[in-house]
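S.K.: got a structure for you, letters missing:
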């Protein structure tokens, strides 16, 4: 797969990237970059789902694409998704003694073993081929579609966020399957555990692509070194501009003194006028040369300053400030005593759970999908009431889910802030949103216009900048749908948060980076 001078643009004409040349072979490649740089667009170009605005894409092998979301068709079975329904039906007719001559010729006696191997690789061994896809969880559907790709054995696997919504065990299964894949792999992901298994990282931006050999940790080391170098270059350029400005001012003052001295000399001189005029012209020409040199130097250093600023802007990490909550170290923030929650039919979903948070503790709720983690968070905030047990909520809490649903799609961010902070003024809303990088017109964007990272940042701005920021922040899968830069920005913000923190996440890197001290693991219940 080769991309030659490829460009991609949005329907409104905005350039995502241009003059992009890349080649993909039998290696594992990850594409990273901020949301909006065209990562999914690049995957679609590689998979042949779209054509480049400029350049060409040459394919010398087959491609299998795994998209982020794909609704099952009505009646679609596991066998249909695996692309094996017809082959399984042929084998069934042969074994039943009902096979035609064509069936006997087409029967694939390796199919059953290959199906079993593909399902085992993604942790779905023993799954019935007749089961309807609609009865599987989103994570199970993703893994099943990956198994179908592996069964088809394309030369290049193209995967768009393959571990989103997967629990830790399923993530590891997918990462292992990718690591063992004998062909090429092209993946877009913010899962740093998966990115560590890559052979190279392609960093995508509006300027094109930069290829970094090695996995995620080596890429981060080089990226951080580049950021530090860019900051140093900017400081140097700013000093040069200041020095050039001082030199220009000194030259002006020197010229003014010479001009004044020249006028005084001319007024009192007895030299012939032609000689005085020649001297004045010579002085003017000398001053003009000095001025041109100063202008050229000033232009050069200002150009270097602009280039240094651009480089810093491209590499600088988002910075989100978190205000103090004033939480005392010994104060109880949340207490659960033998808490359970059951459905109306009586089936127990979660519990019994006992938990006490004191001071600015950091706790992670983990466990497989379907274990009731989100239900437990809703019990903590009071959105649900327990079926049994007792909950104390002495401190104000805020729940942010992965879609930041406390923001209404049609509301501007200013309107959302005013709704969530009764008694506040529009000026206070603008000031609060500006602290979270939503300045001027950006504060009037609607929630529907924001990327995943922007939505989470906006939600934090709305709940953390009121007169009394919540002393307990509860986050439900905060890293889903975020690019890696946004994940790192949220991690950095949470390290400065001085309240208590409860997180549901399958991202071990995230847990470690925000300083989780305790982990509470839930298991699926049988009753």
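M.R.: Happy to help now that I have it. Note that the coordinates shown come from a computational prediction; the quantities given were computed from them, not determined experimentally.
S.K.: which SS class is residue 503?
M.R.: Three-state assignment for residue 503 (DSSP: H, G, I helix; E, B strand; the rest coil): strand.
S.K.: What residues does residue 130 make contact with?
M.R.: Listed by CB atoms under 8 Å, 6 or more residues apart in numbering, the contact set of residue 130 reads 77, 78, 79. (Each C-beta comes from the backbone N, C-alpha and C, glycine too.)
S.K.: What does the pLDDT read for it?
M.R.: For residue 130, the model assigns a pLDDT of 87.
S.K.: Where does pLDDT dip in the stretch 351-500 of the chain?
M.R.: 452-453 (pLDDT under 70).
S.K.: Tell me where it has helices.
M.R.: For the stretch 351-500 of the chain, the helices defined by DSSP state H, counting those that start in this stretch cover 373-381, 413-420, 426-435, 452-464, 484-495.
S.K.: looking at the chain, which helix or strand does the model trust least?
M.R.: None of the helices or strands of the chain scores lower by mean pLDDT, DSSP states H and E than helix 273-315, at a mean of 64.
S.K.: Kindly state the pLDDT recorded for the closest residue to residue 100 other than its chain neighbours?
M.R.: Leaving aside its sequence neighbours, residue 100 sits nearest to residue 93 (CB to CB, 6 or more residues apart in numbering; 7.6 Å). We have a pLDDT of 80 for residue 93.
S.K.: Also residue 248?
M.R.: Listed pLDDT for residue 248 reads 72.
S.K.: show me the contacts for the residue nearest to residue 181 when sequence neighbours are not counted.
M.R.: Nearest residue to residue 181 in three dimensions, chain neighbours excluded: residue 157, at 6.0 Å (CB to CB, 6+ apart). Contacts of residue 157 were listed using CB under 8 Å, 6+ apart, and they are 64, 66, 149, 150, 178, 181, 183, 184, 185, 186, 187.
S.K.: Could you identify the most distant pair in those residues?
M.R.: Greatest spacing in the contacts of residue 157, by CB to CB: 150 and 186 (15.0 Å).
S.K.: Can you check which helix is longest in this protein?
M.R.: The helix that spans the most residues within the chain, counting by DSSP state H, is helix 216-268.
S.K.: Got the domain ranges for this protein?
M.R.: Following automatic domain parsing, the chain resolves into domains at 2-222, 224-315, 332-521.
S.K.: got the buried residues for the host helix or strand of the residue nearest to residue 100?
M.R.: Element membership for residue 93 (DSSP states H and E) is helix 85-95. Using 16 or more other CB atoms under 10 Å as the test for burial, helix 85-95 gives 85, 87, 88, 90, 91, 94.
S.K.: And stretch 231-251, by the same measure?
M.R.: Neighbour-count burial for stretch 231-251, with 16+ other CB under 10 Å as criterion, is recorded at 233, 234, 237, 240, 241, 244, 248.
S.K.: Relative to residue 393, how far out is residue 3?
M.R.: Here the criterion is CB to CB, to the nearest Å. By it, residue 3 lies 54 Å from residue 393.
S.K.: Ignore what I typed, I meant residue 83.
M.R.: Distance of residue 83 to residue 393, computed by CB to CB: 51 Å.
S.K.: Neighbour count: the two, which is higher?
M.R.: Between residue 83 and residue 393, counted using other CB atoms under 10 Å, residue 393 has the larger neighbour count: 15 against 12.
S.K.: quick one: contacts for that one?
M.R.: 334, 380, 381, 382.
S.K.: And the buried ones among the residues you listed, selectable in PyMOL?
M.R.: Only the buried entries of the contacts of residue 393 go into this PyMOL selection, using 16+ other CB under 10 Å:
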select buried, resi 334+380+381
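S.K.: May I ask which helix or strand encompasses the closest residue to residue 85 other than its chain neighbours?
M.R.: Excluding its sequence neighbours, the residue lying closest to residue 85 (CB to CB, 6+ apart) is residue 79, at 4.2 Å. Taking DSSP H and E as the criterion, residue 79 maps to helix 78-81.
S.K.: which other helices and strands contact that helix?
M.R.: helix 138-152 (3 or more CB pairs under 8 Å, 6 or more residues apart in numbering; DSSP states H and E).
S.K.: in the helix it packs on, what's buried?
M.R.: Residues 139-151 are the ones in helix 138-152 that count as buried (16+ other CB under 10 Å).
S.K.: Give me the contact list for that helix.
M.R.: Helix 138-152 has contacts (CB under 8 Å, 6+ apart) with 62, 64-66, 70, 72, 78, 81-84, 114-115, 118-119, 121-124, 127, 133, 136, 157, 159, 162, 164-167, 170, 173-174, 177, 181, 369.
S.K.: now swap in stretch 78-93 and tell me
M.R.: Taking CB under 8 Å, 6+ apart as the rule, stretch 78-93 contacts 72-73, 77, 99-100, 103, 106-109, 111-112, 115, 118, 127-131, 133, 136, 141, 144-145, 147-148, 151-152.
S.K.: can you rerun that using 7 Å?
M.R.: 77, 99, 103, 106-108, 111, 115, 127-129, 131, 133, 144-145, 147-148, 151-152 (CB atoms under 7 Å, 6 or more residues apart in numbering).
S.K.: can you pull the contacts of residue 475?
M.R.: 400, 503.
S.K.: run the last query once more with 8 Å
M.R.: 399, 400, 501, 502, 503, 504, 505.
S.K.: same deal with residue 476?
M.R.: Counting by CB under 8 Å, 6+ apart, residue 476 has contacts 373, 374, 377, 399, 400, 401, 402, 504.
S.K.: ok so, going back, quick one: which of the helices of the stretch 351-500 of the chain is nearest residue 217?
M.R.: helix 484-495 (12.7 Å).
S.K.: Let me know the pLDDT of the residue nearest to residue 85.
M.R.: Value for residue 79, per-residue pLDDT: 87.
S.K.: before we move on, the earlier item: so can I have JSON lines of the helices of the stretch 351-500 of the chain showing distance to residue 220?
M.R.: JSON lines is the format used below for the helices of the stretch 351-500 of the chain (distance: least, CB to CB, whole Å):
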{"stretch": "helix 373-381", "distance to residue 220": "29"}
{"stretch": "helix 413-420", "distance to residue 220": "31"}
{"stretch": "helix 426-435", "distance to residue 220": "27"}
{"stretch": "helix 452-464", "distance to residue 220": "18"}
{"stretch": "helix 484-495", "distance to residue 220": "9"}
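S.K.: returning to that earlier point: in TSV: the contacts of residue 130, plus neighbour count and distance to residue 223.
M.R.: Formatted as TSV, the contacts of residue 130 follow (neighbours: other CB atoms under 10 Å; distance: CB to CB, whole Å):
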residue	neighbour count	distance to residue 223
77	19	45
78	26	41
79	19	44
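S.K.: Sounds good, over and out.
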